[in-house]
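# Need coordinates for the following:
(one chain, ligands or ions: 2)
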Amino acid sequence: MAKIKTVYTCGECAGQTPKWQGQCPHCGAWNTLSETVSSPASGGGRFQSWSTGSSVQLLSDVTAEEVPRDPCGIDELDRVLGGGIVRGAVILIGGDPGIGKSTLLLQALSATGERRKVLYVSGEESPQQIALRASRLAVDPSRVRFLAEIRLEAILPAIRKEAPEVVVIDSIQTLYTEQVTSAPGSVSQVRECAAQLTRMAKETGTAIILVGHVTKEGALAGPRVLEHMVDTVLYFEGDTHSSYRMIRAIKNRFGAVNELGIFAMTERGLRGVSNPSAIFLSSYRDDVAGSCVLVTQEGTRPLLVEVQALVDDCHGFQPKRLTVGLEQNRLAMLLAVLHRHAGVAAFDQDVFLNAVGGVKIAEPAADLAVILSIVSSLRNRPLPEKLVVFGEVGLAGEVRPVARGQERLKEAAKLGFARAIVPRANAPRQPVEGLEIHAVERLEEAVAFCRG
Ligand code: TYD
Ligand code: MG
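Numbering: from 1, shown residues only. Ligands and ions are numbered 1, 2, ... in the order given. The predicted structure follows:
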């Protein structure tokens, strides 16, 4: 008989050591190691099951079929999924607790349920709670099968027996498999459960949607540990206080990434916002200092987002640089560029930066808007009226072009903006109707233009 081998597994990072120690040698956490059986299921077995019967072949001999997608009926969700749910796909939806994951998925399942067999597995809420929510959302619950269960050993046979086409697991952190001894929600449990569900999805062709809460600590035991295993990773953005919710595709084996789906949370659940370009402008329309409108390109859609800066005398030893929705490190860099190349110093000032509406902007095309809003706040003078800007700023003070300049300008003109500061290389060859274009090559030119 084979000897049972035990190892010590960290509950934080799932790292393993052969001997017990007080501190995990992988992540440095204290008292997190617990004795586990090194089971073949979480070792070589996983790889064997993927690859049984495969032989080496030429890629040209493989017939590549276009994967069929089934739209789930919620346009904004289909947009981020790249057109719909693919058979056998594993989709991870992450987000803060209370942001609307369960709401959206119940809406999606009841819409999908009209044509396909669907199953909702909840380890968090009772059937009564889900039924109550379904009646609040006014969706048709008659075709949604429901299972309240947290044991993986009961969930897998249920999926096999029911053979649904789409399964929602809400949430992966509540699941528990007997093969791992640590508590539900720990990294080793989350990983093992997700790995087994993924295997099941690939074997049976059932699409599985995993819900993952972003934990307070951020990365550990949260959805991030699963990103490499699944086909598609979607994250909810936007804060729970505003009514807008954004879903972004971070990874998608079946579609484009960075596509953004935009919803509004209403009494009746999440409603897609089909024409969102103006929702990130503040409703305050008088010209104020420190505000600059940026045209950002999220996936295939241009969006107008207002960037607000507040620059104020610093009364501490270290000036604050805080950002909401924009990158903090990039702000520090842009302040240095602004000082060095345009002679505007802010080293004795606190700088606060906010992207209106809770949207997160990662693209460097926001640089010019950030700089101009800071300059405007520092001088306490509003920027010219009806102005939009975009452009990346380099360390040498040059303004670099960004992708899809023409589309951005068209969208701005459509929304009634009258002038635009753009990188020289993005200047349109033909004039855009209603828009006065100021093409700049260097940061100083943009700052000088705004001085008026
Ligand atoms: P929920 O889907 O339970 O969040 P998650 O599963 O991500 O934790 O969403 C809960 C929030 O949504 C809650 O604060 C109430 C709000 N909500 C509405 O505003 N309208 C609705 O119709 C529903 C169902 C929820
Ligand atoms: Mg929930």
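# alpha carbons only for contacts and neighbour counts from here, please
Will do.
# And what about Val167, helix, strand or coil?
strand (DSSP: H, G, I helix; E, B strand; the rest coil).
# That one pairs with what?
Per DSSP bridges, the residues bridged to Val167 are Leu119, Ile208.
# Quick one, grab the pLDDT at it.
Val167 carries a pLDDT value of 96.
# going forward, begin numbering at 151 instead of 1
Noted, 151 is the first residue going forward, which turns the last one into Val317.
# Can you give me the neighbour number for it?
Neighbour count for Val317, taken as other C-alpha atoms under 10 Å: 23.
# before we move on, what about the one 4 residues further on?
The burial metric for Ser321, expressed as a neighbour count using other C-alpha under 10 Å, is 24.
# got a list of what it touches?
Counting by C-alpha atoms under 8 Å, 6 or more residues apart in numbering, Ser321 makes contact with Ser272, Gly273, Glu274, Leu360, Val361, Gly362, His363.
# please redo it, this time with the cut-off set to 6 Å
Taking C-alpha atoms under 6 Å, 6 or more residues apart in numbering, we find Ser321 in contact with Val361, Gly362.
# State the distance from it to Ser527.
As defined by C-alpha to C-alpha, to the nearest Å, Ser321 lies at a distance of 44 Å from Ser527.
# just Gln478 next, same as before
Relative to Ser527, Gln478 is positioned 18 Å away (C-alpha to C-alpha).
# same deal with Ala486?
The gap separating Ala486 from Ser527 is 17 Å, by C-alpha to C-alpha.
# Around ligand 1, pick out the residues from this protein.
247-253, 283, 286-287, 415-419 (C-alpha under 6 Å from any ligand atom).
# one more time with 8 Å, if that's ok
Within the chain, the residues that sit near ligand 1 (C-alpha under 8 Å from any ligand atom) are 245-255, 283-284, 286-287, 320, 363, 390, 393, 415-420.
# Okay, domains of the protein per the record?
Split into domains by automatic domain parsing, the chain comes to 156-187, 220-423, 429-601.
# What is the end-to-end distance of the shortest one?
This points to domain 156-187. With C-alpha to C-alpha, one end of domain 156-187 sits 4 Å from the other.
# Pull the distance from it to the chain's centre.
With C-alpha atoms, centre = their mean, to the nearest Å as the basis, domain 156-187 stands 31 Å off its chain's centre.
# Could you pull up the mean pLDDT of stretch 293-302?
Rounded mean pLDDT across stretch 293-302 is 92.
# Quick check: Asp228 touching Asp220?
No. Asp228 is not in contact with Asp220 according to C-alpha atoms under 6 Å; the separation is 8.8 Å.
# neighbour-wise, which of the two wins?
Counted by other C-alpha under 10 Å, Asp228 and Asp220 do not tie: Asp228 has more neighbours, with 18 against 15.
# quick one: that one is in a strand?
No. Looking at Asp228 with three-state DSSP, it is helix, so not inside a strand.
# Can you tell me how far it is from ligand 1?
Applying C-alpha to the nearest ligand atom, to the nearest Å, the value for Asp228 to ligand 1 is 18 Å.
# Any idea which residue of the stretch 451-600 of the chain lies closest to ligand 1?
Gly508 (16.2 Å; C-alpha to the nearest ligand atom).
# contacting residues for that residue?
Residues counted as contacts of Gly508 (C-alpha under 6 Å, 6+ apart) are Gly388, Asp389.
# Let's see that with 7 Å instead.
Each residue near Gly508 by C-alpha atoms under 7 Å, 6 or more residues apart in numbering is listed here: Gly388, Asp389, Gly475.
# Find me the pLDDT at it, would you?
80.
# Same check on Lys352?
Lys352 is given a pLDDT of 92.
# which stretches of the stretch 351-500 of the chain aren't confidently modelled?
Applying pLDDT under 70 to the stretch 351-500 of the chain flags the ranges 366-371, 433-435.
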